[in-house]
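**Q** have a look; sequence and predicted model below, questions after that.
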Amino acid sequence: MNLHNLTQEEVKLLHSLLGKMLEEPKQKVYLDPVNQMIDKILDEFNFARVHKAMVALDWKWAGCENKIPSIESLRNEAHRLLRGAANSRLYEFKHEHWLEGIQNSTGGFQAMAWCSEDKTKIVRLDLKFVVTEWDEEIDSL
């Protein structure tokens, strides 16, 4: 391509397109704080440690072709569970007491979501990978 053969309008268009290609990526803009919380959790959560534990325990998931899931699969499942917990808390379990967290869990992951007192927004999300757990409770008389 010879720049001398281009019209002035074509040169301007070419400069514009090249400028867009060289621009630094823009920061994410979040309209929904739940998306921001989920992204922060996925960025900070140690999926490599979870994967290492699963390898050590030979922990396989159904649907993963009888293999230990990849780190990408772990991230995708965590995202699905976090989104599901948030949606469940605001919609399916909206009539539950607002202080109660709603949990979505599978394959070792526990995602929990809590809402505001007026039940209109998610105020907290939590993600855990649980290898073992135990609790006891004594009923009051």
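**A** Cool, got the structure.
**Q** tally of neighbours for Leu82?
**A** Counted with other Cβ atoms under 10 Å, the neighbours of Leu82 add up to 26. Any C-beta I mention is one placed from the backbone N, CA and C, and that applies to glycine too.
**Q** which parts of the chain are helices?
**A** Ranges of helices in the chain, per DSSP state H, are 8-22, 33-44, 47-57, 71-87.
**Q** most neighbours per residue, which of the ones you listed?
**A** Highest mean neighbour count of those: helix 71-87, a mean of 18 (counted as mean count of other Cβ atoms under 10 Å).
**Q** what ranges in this structure fall below the confidence cut-off?
**A** In the prediction, the chain carries residues with pLDDT under 70 at positions 1-4, 18-31, 141.
**Q** let's see it at 80
**A** In the predicted model of the chain, residues 1-32, 63-65, 92-99, 140-141 satisfy pLDDT under 80.
**Q** let's have the helices of the chain in a markdown table, adding distance to Cys64.
**A** Supplementary listing: the helices of the chain in a markdown table, determined by distance: least, Cβ to Cβ, whole Å:
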| stretch | distance to Cys64 |
| --- | --- |
| helix 8-22 | 38 |
| helix 33-44 | 19 |
| helix 47-57 | 10 |
| helix 71-87 | 6 |
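**Q** out of the ones you listed, which is closest to Ala111?
**A** helix 71-87 (3.7 Å; Cβ to Cβ).
**Q** just to revisit the earlier point, Gly107 is nearest to which of the helices of the chain?
**A** Proximity of these to Gly107 was assessed by Cβ to Cβ; the nearest stretch is helix 71-87, lying at 6.4 Å.
**Q** just to revisit the earlier point, tell me which of the helices of the chain sits nearest to Val123.
**A** Val123 lies closest to helix 33-44 among the helices of the chain, at 8.7 Å (Cβ to Cβ).
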